[in-house]
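Visitor: Below are the sequence and a predicted model for it; my questions follow.
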Amino acid sequence: MADQKIFAGPRIRRIRNAKGLTQTAMAEGLGISPSYLNLIERNQRPLTVQLILKLASVYKVEPEELQGEARGSIAALKEVFSDPLLSGELPGDQELVEIAEAAPNAAAGVIKLFRAYREQAERLTDLSELLAREGRATALSAARLPIDEVHEVFERRPNHFANIEEEAEAFTALLDPGDDLYGALKTWLKREYGIVVRVLPVATMPNWRRRYDRHSQRLFLSERLSPFDQLREVAMEASLIRMTVVVAGELEALKLSSDEARRLARFELGRYAAHALMMPYAAFQAAAVRARYDIDVLRSRFGVSFEQAANRLTMLQRPGAAGVPFFMLEVDNAGHRFRKAGAQGFPQSRFGGGCPKLSVHAAFAQPGQIFVEAVEMPDGAEFLTVARTLEGPQGAFNERPRRTALLLGCDIGFRDEIVYGTALPGLAGGRAGQVPSTPVGPACRLCERSGCLARAEPPVTRPLGLDEMVTGLSAFDFQ
């Protein structure tokens, strides 16, 4: 405690006022001057060990009351001021401390108001989605961060960029990579731009996947990345250099509202271009049809990861050479959904993707296992889903990296064209109605299935509670 300075002026003032003491009276009891107590109350002097012990003996103040009281409020206030609605208004840490300590009741009131605002915003979003599914468009929208805007734009449009595909094919023809795209890209970067690619150990580059040093003309990659991800990073860098004009044109067409959103979208377009370079459209589409969209066959044939091959399947929408219109969803084991895309846009209104019963959540219990399932929405729409965990960057022994799982889906009507359709029980009968489907919903707040043991939130469309004589199976019963 002697090495830690404790500034607790507002708390000392509250203790003094609660006991009805003047500064002079309290200073006399503590054996210090009124002017020194005044400096302490204005946080211009820290509490000493002697003063803390004196407060404990004279005024029965526990030392714990003088430190850490406002930590929870400070963290909550940081969350308040990080909302896009208050963009640019984030106070410094000292100002947040002063707010939390000088006016704790007012700080608590601000936090309650913010949480109520966020709850209402979520409910409005849920209701907006519900109305959109019924064909009634709304203008409701919550405050968004740039990353939210980018995600929304990419999720709503088809995951196909024809101009990037054409440019990637021209680039592939120029490289003539044969069976070594990684080597061909490194040679091209060195020959055309003097850029050398190097893989660095974790100790040298602990926080980055990729870093380009413009001064030394070197592209550094982390050894944490798998060979597949290292290839994608090099392909991204080369594509963003080679396809500058095309990427800029596609970026302009997205009509994003801020420079940060455009920067993030450029990164996403770079990933798209890298996949188009690693898995050329015509060859990949033909191989996918022959292999009946078997992701493991495709990943082996093109030397890519499961995630990269599955992602590429959502991009096959070239006129005259389209594939099955897949959509994909990536989540972590805490249930956060952070990447969604679809060949025709992610089917948010029809599928949702927020149901805890989806097999993508069960996949974490058996890493590397492929889960195939037919699911049925409340309106009767059926989908075939394929789920599997992804590897991600390699963590060190003492680290706990976030692991994710991917769900690939399509309408159940395409099951005969897909190898995974043979895994559905009842397929031999030949009719969709004979395939047992798992009943799911778009999200708990929008789902009205009663008695659901997996329900995590109450529906916004029904009043909660049955009656005092009846208790339902769900944690959130509704009428």
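Guide: Okay, I see it. Computed from a predicted model, the values in this text were never measured in an experiment.
Visitor: Over to residue 405. Which of the three states is it?
Guide: Using DSSP: H, G, I helix; E, B strand; the rest coil, the structure places residue 405 in strand.
Visitor: which residues make contact with the helix or strand encompassing residue 147 from outside it?
Guide: Secondary-structure element containing residue 147, defined by DSSP states H and E: helix 146-156. Contacts to helix 146-156, defined as C-beta atoms under 8 Å, 6 or more residues apart in numbering, come from residues 144, 254, 256-258, 260-261, 264-265, 268, 338-342, 345-346, 348. The C-beta positions use only the backbone N, C-alpha and C, and glycine is treated the same way.
Visitor: list the buried ones in it?
Guide: 146, 149, 150, 151, 153, 154, 155 (16 or more other C-beta atoms under 10 Å).
Visitor: ok, now stretch 221-229?
Guide: 221, 222, 224, 225, 228, 229.
Visitor: chain center to the helix holding residue 147, what's the gap?
Guide: Averaging C-alpha positions (C-alpha atoms, centre = their mean, to the nearest Å) puts helix 146-156 12 Å from its chain's average.
Visitor: then that helix to CSV, C-alphas only?
Guide: Output in CSV follows, covering the C-alpha atoms of helix 146-156 (Å, rounded to 0.1, in the frame of the first residue of the first chain):
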residue,chain,number,x,y,z
PRO,A,146,-17.6,1.6,-39.3
ILE,A,147,-17.0,-2.2,-39.0
ASP,A,148,-20.8,-2.7,-38.5
GLU,A,149,-21.5,-0.7,-41.7
VAL,A,150,-19.0,-2.7,-43.7
HIS,A,151,-20.4,-6.0,-42.4
GLU,A,152,-23.9,-4.9,-43.2
VAL,A,153,-23.0,-3.9,-46.8
PHE,A,154,-21.2,-7.1,-47.5
GLU,A,155,-23.9,-9.3,-46.0
ARG,A,156,-26.7,-7.7,-48.0
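Visitor: Poorly predicted segments of the chain, please.
Guide: 1-7, 63-74, 83-98, 100-103, 122-144, 426-435, 461-470, 472, 475, 478-479 (pLDDT under 70).
Visitor: In space, not sequence, find me the middle residue of it.
Guide: residue 338 (3.2 Å; C-alpha atoms, centre = their mean).
Visitor: Tabulate the CA atom coordinates of the helix or strand containing that one in PDB.
Guide: Following DSSP H and E, one finds residue 338 within strand 337-342. Coordinates of each C-alpha in strand 337-342 appear next as PDB, following Å, rounded to 0.1, in the frame of the first residue of the first chain:
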ATOM      1  CA  ARG A 337     -21.300 -13.900 -35.000                       C
ATOM      2  CA  PHE A 338     -18.700 -11.800 -36.800                       C
ATOM      3  CA  ARG A 339     -18.600 -12.900 -40.400                       C
ATOM      4  CA  LYS A 340     -21.600 -13.600 -42.700                       C
ATOM      5  CA  ALA A 341     -21.800 -13.800 -46.500                       C
ATOM      6  CA  GLY A 342     -23.800 -15.400 -49.200                       C
END
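Visitor: so what strands line up beside it?
Guide: strand 327-332 (antiparallel) (DSSP bridges).
Visitor: Kindly export stretch 443-462 (C-alpha atoms) in CSV.
Guide: Coordinates of each C-alpha in stretch 443-462 appear next as CSV, following Å, rounded to 0.1, in the frame of the first residue of the first chain:
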residue,chain,number,x,y,z
ALA,A,443,-32.9,-15.7,-33.2
CYS,A,444,-34.4,-16.1,-29.8
ARG,A,445,-35.9,-12.6,-29.8
LEU,A,446,-37.7,-13.3,-33.1
CYS,A,447,-38.6,-16.9,-32.5
GLU,A,448,-42.0,-17.9,-31.1
ARG,A,449,-41.4,-21.7,-30.7
SER,A,450,-42.7,-22.6,-27.3
GLY,A,451,-41.1,-25.0,-24.9
CYS,A,452,-37.6,-24.6,-26.4
LEU,A,453,-35.0,-25.8,-24.0
ALA,A,454,-32.3,-23.8,-25.8
ARG,A,455,-34.0,-20.5,-25.6
ALA,A,456,-31.6,-17.8,-24.4
GLU,A,457,-33.8,-14.7,-24.6
PRO,A,458,-37.5,-13.9,-24.5
PRO,A,459,-39.3,-13.1,-27.8
VAL,A,460,-40.1,-9.4,-28.4
THR,A,461,-43.5,-10.3,-29.9
ARG,A,462,-45.1,-12.0,-26.9
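Visitor: can you give me phi and psi for the nearest residue to residue 205 once chain neighbours are set aside?
Guide: Nearest residue to residue 205, sequence neighbours excluded (C-beta to C-beta, 6 or more residues apart in numbering): residue 222, at 5.3 Å. Per-residue torsions, residue 222: phi -80, psi 140 (degrees, to the nearest 10).
Visitor: and which of the buried residues of helix 146-156 is nearest residue 317?
Guide: If you rank those by distance to residue 317 using C-beta to C-beta, residue 154 comes first, at 14.1 Å.
Visitor: ok, the closest one to residue 211 distance?
Guide: Look at residue 154 and residue 211: by C-beta to C-beta, to the nearest Å, they are 25 Å apart.
Visitor: Residue 231 reaches residue 184, doesn't it?
Guide: No. Contact criterion C-beta atoms under 8 Å: residue 231 and residue 184 do not qualify, at 10.7 Å.
Visitor: more neighbours, the two?
Guide: The residue with more neighbours, out of residue 231 and residue 184, is residue 231; 22 against 18, by other C-beta atoms under 10 Å.
Visitor: what's near enough to touch the more buried one?
Guide: So residue 231 contacts 181, 182, 185, 278, 303, 304 (C-beta under 8 Å, 6+ apart).
Visitor: Of these, keep whichever come out buried.
Guide: The buried subset of the contacts of residue 231 - by 16+ other C-beta under 10 Å - is 181, 182, 185, 278, 303, 304.
Visitor: in stretch 190-210, what's buried?
Guide: Residues of stretch 190-210 classed as buried: 195, 197, 200, 205, 210 (neighbour count, 16+ other C-beta under 10 Å).
Visitor: Report the two members of the residues you listed separated by the largest distance.
Guide: Largest pairwise distance in those, by C-beta to C-beta, is 16.6 Å, between 195 and 205.
Visitor: Who's the closest spatial neighbour of residue 393, skipping the chain neighbours?
Guide: Nearest one to residue 393, counting by C-beta to C-beta, 6+ apart, is residue 224 at 4.3 Å.
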